[in-house]
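J.: this one's structure only:
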């Protein structure tokens, strides 16, 4: 604002009075002199005409005959201007002979001014330094289209999965579902890593034009996954979740053996127990499972898959077991990495339902029950920490089906032997007699082929040096081309197994 002060020497008892003049363009500060001969607090001499003259003298001012002053804020809403130099036909328009003291106007008060007949130059405002250097023009407006473009809109992944299919070794799949079904009775969650190979195949890319599918001539590579081995790490679990250490010593050994056998980690498998997950459990995955898959895809890449083993009731009301494979969408992984999901800080996945870790304390169970009533990570929705747009609505809970992309599932005969007891299970336990049984049950095969059993090799690490077992695992990968285990290793393993 223009802080104009008289440069001349003040007269006796001259005071400087501050008024604020509000217009449709903003508010200006006006300093005017007022004389108070008796030095009382009541100012009696300043008239509206004095105010008008001072306004006209300001750089931001307008001529006296164009001014229309009032003490009423609604004055700025009028559609026509009645100036103070004309007949006062409206009660709230101030006349030129009225004094500020009679009007009750005090130092610092506001007067409202209209000036429809002229243009005025408003006082320049000081723009904050941060605004000048923000990269955006001061006063920049945003269109509806711009605001919509900045919103996070959730949609289904129309392009399909990043893999053409995932195929399970029949023996490995059956061993996993049999343990979950017959031993655990689908009452406990069980987790396993999938190790296998990837095959690229060439397919013709099709494009849609005018409702018809046409060959584009462009060929794209798609990936087929072949899971030969399921490694079940050391874990504790309940009906809702299996907890495990991804980087413990055994898991690192298992990774080394799998790679020596020519395999890589291509996915995971877990079962859904028959525990009641609430009335909303209509999605194929819970919030906990969706965010777990997003976490693993972010770590292991776009071709990582998750396979769910579950029970269902057929038309004869008999329980059947099924395998279903999924990936989560690229958008789901991106939002996971950007922190959109409500996650448990320790595990990095959606918070577990209170009932899965309840200690049995009465007060705690009551609190858990109340928290479950508002939202459950075992329902059909995933909770977000900030609003997103789903079907033109701002929401903080997203239906899990928006995240899921189904993957075709197949079966094949794997290249790894089977029959050796699987590690980290309640039953049956592993022992050296199982090594002898495995070797003797495969007559006519080379020694390398007999030992090409992931679970046997992992158990052998408890009897031999890990580096020696990794070397043996590499030999088992070469048996197709006539390779075999060295004689020294044969003698050592036979001795361990009690084979003379």
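T.: Arrived safely. Everything numeric here is computed off the predicted structure, so don't read it as measured data.

J.: what's downstream of the least confident helix or strand in the chain by mean pLDDT, the next helix or strand?
T.: Lowest on mean pLDDT, DSSP states H and E among the helices and strands of the chain sits helix 362-374, with a mean of 42. Downstream of helix 362-374, the next assigned helix or strand under DSSP states H and E is strand 381-390.

J.: Packing partners of that next one?
T.: Contacts defined by 3 or more Cβ pairs under 8 Å, 6 or more residues apart in numbering; DSSP states H and E place strand 381-390 against strand 153-154, helix 287-300, strand 393-399. C-betas here are computed from N, CA, C, even on glycine.

J.: remind me which residues of the stretch 351-500 of the chain are low pLDDT?
T.: Along the stretch 351-500 of the chain, segments meeting pLDDT under 70 span 352-379, 479-482.

J.: Please enumerate the helices of it.
T.: Applying DSSP state H, counting those that start in this stretch to the stretch 351-500 of the chain gives helices spanning 362-374, 432-440, 447-451, 454-460, 466-476, 487-497.

J.: For the ones you listed, state which one has the densest average packing.
T.: Mean neighbour count, computed with mean count of other Cβ atoms under 10 Å, is highest for helix 454-460 among these, reaching a mean of 24.

J.: quick one: contacts of it?
T.: The contact list for helix 454-460, computed with Cβ atoms under 8 Å, 6 or more residues apart in numbering, reads 195, 228-229, 231, 250, 253-254, 257-258, 261, 263, 416-417, 420-423, 430, 434-435, 438, 451, 469, 472-473, 476, 493, 496.

J.: From residue 415, how far off is the closest residue in space to residue 74 that isn't next to it in sequence?
T.: Closest residue to residue 74 apart from its sequence neighbours, by Cβ to Cβ, 6 or more residues apart in numbering: residue 92 at 7.7 Å. Residue 92 sits 94 Å away from residue 415, going by Cβ to Cβ, to the nearest Å.

J.: The two: which is more packed in?
T.: residue 415 (20 against 15; other Cβ atoms under 10 Å).

J.: In contact with the more buried one, which residues?
T.: Shown in contact with residue 415 (Cβ under 8 Å, 6+ apart): 228, 452.

J.: Low-confidence stretches in this protein?
T.: Along the chain, the model assigns pLDDT under 70 to residues 1-15, 34-44, 79-91, 117-150, 202-221, 276-282, 352-379, 479-482.

J.: quick one, strands of the stretch 201-350 of the chain?
T.: Per DSSP state E, counting those that start in this stretch, the stretch 201-350 of the chain carries strands over the ranges 212-231, 235-237, 242-244, 264-271, 305-313, 319-328.

J.: Need the ones you listed in CSV (columns: distance to residue 388 and mean neighbour count).
T.: Shown next, in CSV, are the strands of the stretch 201-350 of the chain (distance: least, Cβ to Cβ, whole Å; neighbours: other Cβ atoms under 10 Å):
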stretch, distance to residue 388, mean neighbour count
strand 212-231, 30, 16
strand 235-237, 32, 14
strand 242-244, 29, 16
strand 264-271, 27, 22
strand 305-313, 23, 18
strand 319-328, 15, 18
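
J.: Adding distance to residue 32 as columns, could you present these in a markdown table?
T.: Converted to a markdown table, those look like this (distance: least, Cβ to Cβ, whole Å):
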| stretch | distance to residue 32 |
| --- | --- |
| strand 212-231 | 79 |
| strand 235-237 | 82 |
| strand 242-244 | 78 |
| strand 264-271 | 80 |
| strand 305-313 | 77 |
| strand 319-328 | 70 |
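
J.: Out of those strands, flag the one nearest residue 158.
T.: Residue 158 lies closest to strand 319-328 among these, at 13.8 Å (Cβ to Cβ).

J.: Counting by contacts, list what that closest one packs against.
T.: So strand 319-328, by 3+ Cβ pairs under 8 Å, 6+ apart, packs with helix 170-178, helix 287-300, strand 305-313, strand 404-407, strand 409-412.

J.: can you give me the angle the longest one makes with strand 393-399?
T.: Between helix 287-300 and strand 393-399, the angle comes out at 90 degrees (axes from the mean of the first three to the mean of the last three Cα atoms, to 10 degrees).

J.: shift numbering so it begins at 50
T.: Sure, I'll start counting at 50 from here, so that last one is helix 336-349.

J.: from the middle of its chain, how far away would helix 336-349 be?
T.: 11 Å (Cα atoms, centre = their mean, to the nearest Å).

J.: for the strands of the stretch 250-399 of the chain, which one sits closest to residue 203?
T.: Here strand 368-377 is closest among those (Cβ to Cβ), at 12.3 Å.

J.: Give me the contact list for that closest one.
T.: Contacts for strand 368-377 (Cβ under 8 Å, 6+ apart): 210-212, 215, 217, 222, 226, 230, 316, 318, 333-334, 339, 342-343, 346, 351, 353-363, 452-458.

J.: Out of the helices of the stretch 400-549 of the chain, flag the one nearest residue 248.
T.: Among the helices of the stretch 400-549 of the chain, the nearest to residue 248 by Cβ to Cβ is helix 503-509 (19.6 Å).

J.: next one: that closest one to chain centre, how far?
T.: Distance of helix 503-509 from its chain centroid, counting by Cα atoms, centre = their mean, is 39 Å.

J.: same deal with stretch 157-165?
T.: Centroid separation for stretch 157-165 versus its chain: 52 Å, with Cα atoms, centre = their mean.

J.: Repeat that for stretch 517-528.
T.: Its chain's average C-alpha position is 42 Å from that of stretch 517-528, according to Cα atoms, centre = their mean.

J.: Give me the nearest residue to residue 77, chain neighbours excluded.
T.: The nearest residue in space to residue 77 (Cβ to Cβ, 6+ apart) is residue 70, at 4.8 Å.

J.: Make sure residue 162 is indeed in a helix.
T.: No - assignment of residue 162 by DSSP: H, G, I helix; E, B strand; the rest coil gives strand, placing it outside any helix.

J.: my read: it touches residue 101, true?
T.: No - between residue 162 and residue 101 there is no contact under Cβ atoms under 8 Å: 9.3 Å.

J.: Quickly list what's touching both of the two.
T.: What both residue 162 and residue 101 touch, as defined by Cβ under 8 Å, 6+ apart, is the set 116, 118.

J.: OK, contacts around the residue nearest to residue 123?
T.: 119, 120, 121, 123, 124.

J.: With residue 449 instead?
T.: So residue 449 contacts 332, 333, 334, 335, 336, 339, 429, 430, 431 (Cβ under 8 Å, 6+ apart).

J.: which residue sits closest to the third one in space, ignoring its chain neighbours?
T.: Same thing as residue 334. Nearest non-adjacent residue to residue 334, counting by Cβ to Cβ, 6+ apart: residue 449, 5.4 Å away.

J.: Tell me the spacing between that neighbour and residue 75.
T.: According to Cβ to Cβ, residue 449 and residue 75 sit 52 Å apart.

J.: Any idea how many residues pack against the residue nearest to residue 77?
T.: Neighbour count of residue 70, defined by other Cβ under 10 Å: 22.

J.: secondary structure class for it?
T.: Recorded secondary structure, residue 70: strand (three-state DSSP).

J.: any idea how far it is from residue 96?
T.: Counting by Cβ to Cβ, the gap from residue 70 to residue 96 is 16 Å.

J.: now residue 350
T.: 82 Å.

J.: which of those two has more neighbours?
T.: residue 96 (19 against 11).

J.: hang on, isn't that one packed against residue 150?
T.: No - the criterion here is Cβ under 8 Å, and residue 96 misses it with residue 150 at 9.9 Å.
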